[in-house]
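**Q** What follows is a predicted protein model with its sequence.
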Amino acid sequence: MFDTIERQRRHLAVVRRAVVLIVVVLGALVLPSGAVAWGKALPPWAHVDLGAARSLFAPHRAPAPKPGGLAGCATGFEHGQGSGAPRVAIVGASITAGVGAGDPYRSWAVLLTRMEHWDAMIYGDPGAGYVRLGVQHRGPVAAELARVQLRALRPALVIIQAGHNDIGEPLPLVRQRVAQAIALIRAEAPQARIALLTVFPGRSHPARADQTDQAIVTAARAADHDVIIMDPLTGRWAYSRSYDRLHPTAGGDLQIALKVAGALRASGVVLGPAGRGGFVCDTAIGVQPPLPR
């Protein structure tokens with residue numbers, strides 16, 4: 001009898017997992033078709049190419065990038081490769097690397113650059129921060145910025161997504177590292193606007209999360225009065241989250257991409273007319289040419 005009960009219990013567990021998987025997949029596929037999943041219309045600034053975003057929700061089977069395989073990517077940009085569209089550098093942690101989305105092609109960073117038809121260098125290491133090294137020890141942020149070769153890339157915009165992994169680190173050290181990161185960008189890409197995507201709301205101790213977030217914001221504004229601050233914690237950003245209640249699902253990444261696009265436009269970021277664009281160099285997906293239009 002006990003064997004029968006155990007078999008039934010295991011069967012029910014399998015069924016439950018299958019149902020959850022189906023719901024998640026359907027949600028990810030439906031969300032990009034419009035803003036109905038939010039329960040309201042898209043805001044006026046969201047004039048993005050959602051067709052490009054939807055194409056990223058199809059399965060991809062590109063070979064995994066080789067370690068250091070992006071070393072020549074910025075050099076390629078320097079010699080005229082890419083689409084000729086505005087260039088953007090995005091560095092960060094797990095959310096930039098696509099953790100939670102189920103596919104790095106669905107990260108907010110890739111979606112944003114594809115929808116806006118930008119050429120981009122994207123460098124994300126889960127666990128990285130202004131202080132933390134990250135899972136693959138590609139951090140901290142200053143090291144990631146050095147690896148994307150800003151001088152060769154000549155980006156019009158540099159976005160840093162970091163802070164959550166620095167919760168609990170000494171606040172003076174966090175402020176110092178933020179200032180150093182901004183100084184590095186100013187030295188290597190003086191023409192670029194700088195935008196910070198700071199601490200995301202999660203399960204961390206609220207007081208510590210807020211202290212770290214404020215340390216980052218304060219140091220950034222002291223280092224660059226023109227810095228763009230996008231603060232998911234104090235802004236109480238709502239987005240679809242994965243099981244860990246921190247990382248976004250594929251649909252959540254699209255929500256974040258739209259929020260970032262709106263914040264950049266509201267801050268006066270005008271990168272010039274976009275062409276085909278979307279030539280992406282990403283540590284998670286390798287080098288990807290522009291999407292066909």
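**A** Nice, thanks for sending it over.
**Q** Quick one: low-confidence residue ranges for the stretch 151-293 of the chain.
**A** Regions of the stretch 151-293 of the chain meeting the criterion pLDDT under 70 cover residues 272-278, 285, 287, 289-293.
**Q** could you redo the last one with a cut-off of 90?
**A** Along the stretch 151-293 of the chain, the model assigns pLDDT under 90 to residues 152-153, 201-206, 238-246, 250, 269-293.
**Q** where along the stretch 101-250 of the chain do the helices fall?
**A** Remark: helices assigned in the stretch 101-250 of the chain by DSSP state H, counting those that start in this stretch are 108-116, 141-147, 150-153, 171-188, 206-223, 250-266.
**Q** What residues of stretch 146-157 count as buried?
**A** For stretch 146-157, the neighbour count (16 or more other CB atoms under 10 Å) marks 147-150, 152-157 as buried. For every residue, glycine as well, the C-beta is placed using N, CA and C.
**Q** Please convert those to JSON lines, extending it with distance to G202.
**A** Formatted as JSON lines, these follow (distance: CB to CB, whole Å):
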{"residue": "R147", "distance to G202": "26"}
{"residue": "V148", "distance to G202": "26"}
{"residue": "Q149", "distance to G202": "32"}
{"residue": "L150", "distance to G202": "29"}
{"residue": "A152", "distance to G202": "35"}
{"residue": "L153", "distance to G202": "31"}
{"residue": "R154", "distance to G202": "35"}
{"residue": "P155", "distance to G202": "29"}
{"residue": "A156", "distance to G202": "31"}
{"residue": "L157", "distance to G202": "26"}
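**Q** Pick the one among these closest to Y105.
**A** Nearest to Y105 among those is V148, at 19.2 Å by CB to CB.
**Q** Report the contact partners of that closest one.
**A** By CB atoms under 8 Å, 6 or more residues apart in numbering, V148 lies in contact with 74, 89, 91, 121, 123.
**Q** Is it correct that the last one is in contact with A93?
**A** Translated: Y123. No: counting by CB atoms under 8 Å, Y123 sits too far from A93 to count as a contact (10.4 Å).
**Q** more neighbours, the two?
**A** A93 (29 against 26; other CB atoms under 10 Å).
**Q** What distance do you get for the nearest residue to that one once chain neighbours are set aside to L254?
**A** Once flanking residues are discounted, A93 sits nearest to A128: 4.7 Å by CB to CB, 6 or more residues apart in numbering. Per CB to CB, to the nearest Å, A128 is found 23 Å from L254.
**Q** Ok, D226 next?
**A** With CB to CB as the criterion, D226 and L254 are 28 Å apart.
**Q** How about A152?
**A** With CB to CB as the criterion, A152 and L254 are 30 Å apart.
**Q** got it, and I182?
**A** 28 Å.
**Q** Tell me which of those two has more neighbours.
**A** L254 (29 against 24).
**Q** Thought W108 was touching the more buried one, still the case?
**A** Yes: contact status for L254 versus W108: in contact at 7.4 Å, counting by CB under 8 Å.
**Q** Report the contact partners of R87.
**A** 77, 118-121, 153-156.
**Q** What is the nearest of the residues you listed to S242?
**A** Out of the contacts of R87, the member with the shortest distance to S242 (by CB to CB) is A120, at 23.9 Å.
**Q** Now for that closest one, how many residues are close by?
**A** Neighbour tally, A120, other CB under 10 Å: 30.
**Q** what's the burial count for the closest residue to it other than its chain neighbours?
**A** The spatial neighbour of A120 that comes closest, neighbours along the chain excluded (CB to CB, 6+ apart), is T113 at 4.0 Å. T113: 29 surrounding residues under other CB under 10 Å.
**Q** I'd guessed T113 sits against I90; true?
**A** Yes: using CB under 8 Å, T113 makes contact with I90 at a distance of 7.5 Å.
**Q** what touches both of the two?
**A** 120, 122.
**Q** among the helices of the stretch 101-250 of the chain, which is nearest L197?
**A** helix 250-266 (6.7 Å).
**Q** Of the contacts of V148, which is the most crowded?
**A** In those, the most neighbours by other CB under 10 Å go to V91, 32 neighbours.
**Q** Contacts only, for that residue.
**A** Here V91 is in contact with 122-124, 141, 144-145, 148, 158-162 (CB under 8 Å, 6+ apart).
**Q** Apply 10 Å and report the result again.
**A** Residues near V91 by CB atoms under 10 Å, 6 or more residues apart in numbering: 109, 121-125, 128, 138-148, 150, 158-162, 181, 185, 283.
**Q** Fine by me, thanks again.
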